[in-house]
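Novice: Return atomic coordinates for the entry below.
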Amino acid sequence: MKSVILIIAMIISANLFATEVNPAANSGKISGIIIDGQLKQPLEYANIAIYSAKDSVLLDGTVSKADGSFVIENLPYGEYYLVADFIGYKKQTIKNISITKDKKVIDLGKLSIEQAVQQLGDVEVVGEKKYVEYKIDKKVVNVSQNMNATGGSAADALVNVPSVTVDMDGNVALRGSSSFTVLIDGKPSPIEGTEILKQIPAEAIENIEIITNPSAKYDPDGTTGIINIVMKKQNDEGVNGMVSANLGTWNKFGGNTNLNMKSLKRNIFINASYNRNPTNMEAWEDRTNFMNDTTLYLTERSDRVQTMRPWNITAGVDNYLNDKNTLTFMSTLGSFGFIRDFETTYHAWDNMTDNEIFINSDNYLFMDGMYLTGHLNYEHKFKKEGHNIIVSLAAWKWHSDEEQTSNEEYTDAGYENVLSIRKNRFTNDNYRDNLRVKTDYTLPLKKGKFEAGFMSHINPGSHDYIYEDFDPDAAIWSRNTDLCNEIEYRQDIHSAYSTFSNELKGFSYQLGLRGEYMDRLFDQKTTGERFHLEVWNYYPTVHVSKQLKNENQLQASYSRRINRPQPWELNPFPDYSDTYNKSKGNPMLKPEDIDSYEFNYFHKLKKGFFSAGLYYRVTHDTKVMSINIDELNRLFLFYENVDNTYSMGTELMMNIDPNKWLNMNFGGNIYNYQMKGFVAGNEVDKTSLNWDARMVATFKIKQTTKLQVSGTYNGPSVEAVGTRLAMYDISVAFRKDIMKRKASISVNVEDIFGTSAYKISTDTPAYKSEIGFKGEAPIVRLTFVYRINNYQRRQDERIDLGVGAG
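Specialist: Purely as a prediction, here's the structure:
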């Protein structure tokens with residue numbers, strides 16, 4: 001690894017500080033900017049090809065950068081024509097381009113390309129973005145094209161995306177891992193991972209970018225990369241906005257409002273949302289524990305209701321001080337409300353006695369969290385296009401109160417007459433602060449660019465856990481000092497990065513290196529134990545792409561990443577959820593280090609495109625939740641590191657338009673997963689072949705009417721302990737534009753046949769079990785959206801890896 005880092009550092013230095021070689025004496029260059037003809041906004045990753053005017057032979061090509069610009073150099077004197085193309089747009093051909101001794105530099109200025117228009121009966125249909133688009137460095141999910149997500153959340157919008165799986169609770173996994181980083185408009189969120197994806201309403205999102213191998217410019221956190229949520233925000237001057245409301249079965253409802261007021265000097269934006277999303281579920285477990293000569297049998301049946309009710313208000317302003325300087329301030333006030341109510345029956349017996357135990361259990365959890373964030377962003381643009389420096393400051397505070405009450409009643413065989421009561425409760429007072437300072441500098445070069453920056457991230461927090469037992473005779477609560485505990489933690493990260501991108505003999509490449517110092521302190525106040533970890537680490541990245549004929553493309557990349565433990569995964573104090581289950585953390589848990597390799601091929605079809613990708617991921621010190629049986633026959637869950645896990649697979653996707661009224665998107669992911677090491681003291685060497693597939697078909701009934709059918713299938717998968725069985729579902733959605741397309745009404749039905757269920761089977765020397773979860777189905781949602789003054793999105797926030805920029 002040190003050799004790889006040294007080589008990359010030497011290459012970056014050599015490229016950056018070497019004297020530029022003079023171009024060939026008898027050559028010139030062609031440049032320009034590709035823009036959307038309707039929106040007048042730059043188009044990133046548009047394909048530009050240069051042909052010989054004499055015989056129409058393809059001579060060179062590139063793709064446009066984030067600002068729409070492109071440059072093609074070292075073209076011999078001669079006559080040429082240029083073709084600019086982008087998926088969903090008409091080709092634009094520029095003829096009669098002549099490079100001569102007297103005119104070596106050809107600047108074509110802004111080149112507008114128009115959205116494709118098709119005839120359908122007596123109406124025109126304007127070409128639309130595809131549901132999923134593949135860029136050089138990321139997948140882009142256009143949320144507005146996923147009708148089944150209407151009225152739902154960001155997690156719902158990811159259900160049919162290749163390489164993404166979403167379980168019945170809305171928990172998201174990317175390539176089989178729940179460890180990924182979520183950004184909102186390129187900025188970190190105070191609520192992490194899956195939880196924020198469950199809260200953001202789909203109507204407020206323009207698109208979702210999935211970046212599995214980010215460059216060194218971005219934090220290396222997350223096993224499988226970054227999910228960036230690009231929110232809607234208007235570009236046009238004046239007042240614009242959008243209002244949406246949704247209503248669903250099982251008492252689901254919510255709404256969202258976006259408002260933009262833009263002038264030449266400033267842009268003011270406000271967003272507010274509220275959603276109430278209860279989830280009803282049945283759960284069951286059949287378990288057999290083996291202890292010497294005794295075999296214990298346990299059946300568990302549970303009715304579960306989980307209700308999320310988040311709200312937030314975001315307001316901000318972009319101040320255009322002049323054409324070179326912009327100052328942006330944005331703040332969010334939000335609440336993360338969560339209620340969980342589990343009603344469970346237990347039946348336990350063994351093979352040695354006639355004793356049987358019957359229990360009614362009611363476990364109720366209430367959590368109310370508030371957070372306040374502030375973002376200050378300053379951008380200075382230098383004279384040269386794309387030459388800038390951005391300084392940003394982000395701070396947020398989080399506080400949550402959590403109270404959980406567990407009430408167990410020992411009953412007769414009919415679960416009716418109460419024989420005795422066991423009741424307890426615990427509270428968790430949680431505080432978190434974050435301060436993040438970041439500077440990014442970008443310097444365009446002839447065919448590429450140099451980037452550098454630094455970041456400091458200060459992240460302190462605390463948890464105060466109080467456990468109490470109820471005395472039914474005295475009717476009082478008393479503190480259980482054996483379980484009460486208090487923790488404080490701090491994680492400080494300081495890092496610097498540098499990237500260099502360029503072109504060489506038809507290849508575009510980017511080399512990056514990020515150095516990081518992490519200082520982690522976990523202070524268990526109750527026991528007086530302190531666990532301190534200091535780590536210096538380096539994260540190299542490599543991206544290479546090659547533009548082929550007919551707008552096809554090859555791309556390869558490598559990145560090194562990290563997955564850090566959460567505070568609750570480090571806390572060694574046990575948590576007893578009920579009589580038969582307990583869990584605890586591990587203060588010696590180490591971060592996971594991940595080496596990620598990818599190779600992708602993109603092929604344009606006559607009526608669509610096809611992509612194929614290969615990936616290989618090695619995770620060192622893999623973190624797993626192990627399961628064992630303790631001395632009291634309780635299921636004991638705890639965290640530990642195993643040696644390594646390996647994932648190797650392929651992703652396939654095809655998007656086609658068989659005719660004018662039908663668009664179809666097919667995707668699939670096949671990967672081999674291998675785990676090596678020790679889990680719960682037992683040596684493990686497991687291998688499994690996992691796969692999933694999905695399909696989305698959109699029928700354009702009329703210009704203002706669409707019907708969409710989608711289906712997903714997730715094959716069986718090996719876990720740290722046990723195997724998850726296959727699961728599948730089918731959903732249908734209908735959307736109608738009304739009021740001259742100023743508004744729309746949507747109806748979507750999720751899991752229309754009620755086939756989705758999560759089941760896991762485990763068989764070990766200590767125990768075996770069958771666990772299952774079945775959610776409510778079908779779920780029906782009705783959504784109304786009204787747009788004020790043709791509301792569209794702001795396009796100035798994006799993640800740019802700089803690969804393939806011409």
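Novice: list the buried ones in stretch 213-229?
Specialist: Under the neighbour-count criterion of 16 or more other Cβ atoms under 10 Å, stretch 213-229 has 213-229 buried. Yep, even glycine has a C-beta here, placed from its N, CA and C like the rest.
Novice: all strands for the stretch 601-750 of the chain, in order.
Specialist: 608-620, 623-629, 635-641, 644-659, 662-679, 682-702, 705-714, 717-718, 723-724, 727-738, 743-750 (DSSP state E, counting those that start in this stretch).
Novice: no no, the stretch 1-150 of the chain
Specialist: Under DSSP E, counting those that start in this stretch, the stretch 1-150 of the chain gives strands at 27-36, 47-52, 58-63, 69-76, 78-85, 92-99, 105-113, 117-120, 123-126, 132-134, 139-142.
Novice: Return the set of buried residues in the following helix or strand past the last one.
Specialist: I take that to be strand 139-142. Sequence-wise, the next helix or strand downstream of strand 139-142 (DSSP states H and E) is helix 154-157. By neighbour count with 16+ other Cβ under 10 Å, helix 154-157 contains the buried residues 154-157.
Novice: again, but for stretch 331-340
Specialist: Neighbour-count burial for stretch 331-340 [16+ other Cβ under 10 Å]: 332, 334-338, 340.
Novice: if we look at it, which residues are touching it?
Specialist: 190-191, 195, 199, 304-316, 363-375, 400 (Cβ atoms under 8 Å, 6 or more residues apart in numbering).
Novice: Give me the buried subset of those.
Specialist: Neighbour-count burial (16+ other Cβ under 10 Å) is assigned, among those, to 190-191, 195, 199, 304-312, 314, 316, 363-365, 367, 369, 371, 373, 375, 400.
Novice: Can I take it that Leu197 is in a helix?
Specialist: Yes - under DSSP: H, G, I helix; E, B strand; the rest coil, Leu197 falls within a helix.
Novice: Sort out for me which of the buried residues of stretch 331-340 are in helices.
Specialist: Judged by DSSP state H, helices contain none of the buried residues of stretch 331-340.
Novice: Make TSV from the residues you listed and add pLDDT to it.
Specialist: Below are those laid out as TSV (pLDDT from 0 to 100):
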residue	pLDDT
Thr332	93
Gly334	93
Ser335	92
Phe336	86
Gly337	88
Phe338	90
Arg340	94
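Novice: Report the contact partners of the most centrally placed residue in the chain.
Specialist: Closest residue to the average C-alpha location of the chain: Ile227 at 2.8 Å, with Cα atoms, centre = their mean. Contacts for Ile227 (Cβ under 8 Å, 6+ apart) come out as 158, 172, 174, 180-183, 197, 208-211.
Novice: Among those, which lie within strands?
Specialist: Here DSSP state E is the test, and the contacts of Ile227 give 172, 174, 181-183, 208-211 as lying in strands.
Novice: which of those residues has the most neighbours?
Specialist: In terms of neighbours by other Cβ atoms under 10 Å, the ones in strands among the contacts of Ile227 top out with Ile208 at 27 neighbours.
Novice: shaky segments in the stretch 151-300 of the chain?
Specialist: Scanning the stretch 151-300 of the chain for pLDDT under 70 picks out 151, 160, 162, 167-170, 176, 190, 233-237.
Novice: all helices of it, in order?
Specialist: Counting by DSSP state H, counting those that start in this stretch, the stretch 151-300 of the chain has these helices, from start to end: 154-157, 193-199.
Novice: So which of those helices is nearest Asp60?
Specialist: helix 154-157 (38.0 Å; Cβ to Cβ).
Novice: got a list of what Ser189 touches?
Specialist: 182-183, 196 are the contacts of Ser189 under Cβ under 8 Å, 6+ apart.
Novice: before we move on, back to that, which among the helices of the stretch 151-300 of the chain is found nearest to Gln510?
Specialist: Going by Cβ to Cβ, the one of the helices of the stretch 151-300 of the chain nearest Gln510 is helix 193-199, 27.1 Å.
Novice: how far away is the residue nearest to the centre of the chain from Asp729?
Specialist: Distance of Ile227 to Asp729, computed by Cβ to Cβ, to the nearest Å: 22 Å.
Novice: tell me the domain ranges of the protein?
Specialist: In the domain annotation for the chain, the residue ranges read 2-115, 238-788 (automatic domain parsing).
Novice: Which of the ones you listed sits closest to Val132?
Specialist: Of all these, domain 238-788 sits nearest to Val132, with 6.2 Å by Cβ to Cβ.
Novice: gap between the two ends of the closest one?
Specialist: 11 Å (Cα to Cα, to the nearest Å).
Novice: now stretch 70-82
Specialist: Using Cα to Cα, the end-to-end distance of stretch 70-82 comes to 12 Å.
Novice: So what's the gap between that stretch and the chain middle?
Specialist: 40 Å (Cα atoms, centre = their mean, to the nearest Å).
Novice: what do you get for stretch 208-227?
Specialist: 9 Å.
Novice: Same question for stretch 766-786.
Specialist: Distance of stretch 766-786 from its chain centroid, counting by Cα atoms, centre = their mean, is 21 Å.
Novice: So for it, what gets flagged as buried?
Specialist: Per 16+ other Cβ under 10 Å, stretch 766-786 contains these buried residues: 767, 769-771, 773-779, 781-786.
Novice: pLDDT (mean, whole number) over that stretch?
Specialist: Averaging pLDDT along stretch 766-786 gives 91.
Novice: which among the buried residues of helix 154-157 gets closest to Tyr713?
Specialist: Nearest member of those to Tyr713, counting by Cβ to Cβ, is Asp156, at 17.6 Å.
Novice: How much space separates the closest one from Tyr51?
Specialist: With distances taken as Cβ to Cβ, Asp156 is found 44 Å from Tyr51.
Novice: sorry, back to before: could you point out which of the buried residues of helix 154-157 is nearest to Lys383?
Specialist: For these, the nearest to Lys383 is Ala154 (39.2 Å; Cβ to Cβ).
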